[in-house]
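>>> Below are the sequence and a predicted model; questions follow.
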Amino acid sequence: MERIVVLGKSDLAVSLCEWILEQPDFDLVATVPCITQPAWFSALDQWSVANQIPTISKETLSESSEFRGDIAVSCYFDQILSPSEIAGVKLALNVHNSLLPQHRGIAPIEWALNNGDRF
């Protein structure tokens, strides 16, 4: 069974966590929620508490035993991770909901809509 940690915020991160919980080969061992989120986002930290999933703060990633999973998935995570912070995982993935590198940064969905991009 693959041990997974999700880092992020918003409905996208929450939906990803819900999908992981439904998969028989995956074990969602922890989340690393972004602390500041706009009010219209689903809060990953609140979802984690409601679903009894441990949360880790970014500041304690490198020391956390829960962050020794097989896969770390960054999903709308708004901070850069250092090599020492992701050293405890075998694979790190970045889920991005627009074209990279064209729409990297703070508002990728808004820029994709503004530019009329089609996926």
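Now that the structure is in, tell me what you want to look at.

>>> could you pull out the helices for the protein?
10-22, 44-50, 108-114 (DSSP state H).

>>> can you redo the ones you listed as CSV with distance to V32, mean neighbour count and mean pLDDT?
In short, each C-beta sits where N, CA and C put it, glycine included. As requested, these are arranged in CSV below (distance: least, CB to CB, whole Å; neighbours: other CB atoms under 10 Å; pLDDT from 0 to 100):
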stretch, distance to V32, mean neighbour count, mean pLDDT
helix 10-22, 10, 17, 93
helix 44-50, 8, 18, 91
helix 108-114, 20, 14, 79
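
>>> how about those helices in CSV, adding distance to P33?
Below are the helices of the chain laid out as CSV (distance: least, CB to CB, whole Å):
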stretch, distance to P33
helix 10-22, 8
helix 44-50, 4
helix 108-114, 19
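
>>> and of those, who's closest to P83?
Nearest of the helices of the chain to P83, taken as CB to CB: helix 10-22 at 22.6 Å.

>>> Could you list the residues in contact with the closest one?
Identification of contacts with helix 10-22 by CB atoms under 8 Å, 6 or more residues apart in numbering yields 4, 6-8, 26, 28, 31, 33, 37, 41-42, 44, 47-48, 51, 53, 73, 75-76, 95, 97.

>>> Can you say which of those are buried?
For the contacts of helix 10-22, a burial check counting by 16 or more other CB atoms under 10 Å picks out 4, 6-8, 26, 28, 31, 33, 37, 41, 44, 47-48, 53, 73, 75-76.

>>> Now go through these and say which are in strands.
In this view, these that belong to strands under DSSP state E are I4, V6, L7, G8, F26, L28, T31, P33, V73, C75.

>>> The fifth one and P108: what is the separation?
This points to F26. Note on F26: its distance to P108, by CB to CB, to the nearest Å, is 26 Å.

>>> burial count for A30?
Using other CB atoms under 10 Å, A30 has 22 neighbouring residues.

>>> Enumerate the beta-bridge partners assigned to it.
V5 (DSSP bridges).

>>> That one contacts S64, doesn't it?
Yes: the pair A30 / S64 is scored as a contact, 7.4 Å apart, by CB atoms under 8 Å.

>>> got any residues that touch both of the two?
Counting by CB under 8 Å, 6+ apart, the contacts common to A30 and S64 are I56.
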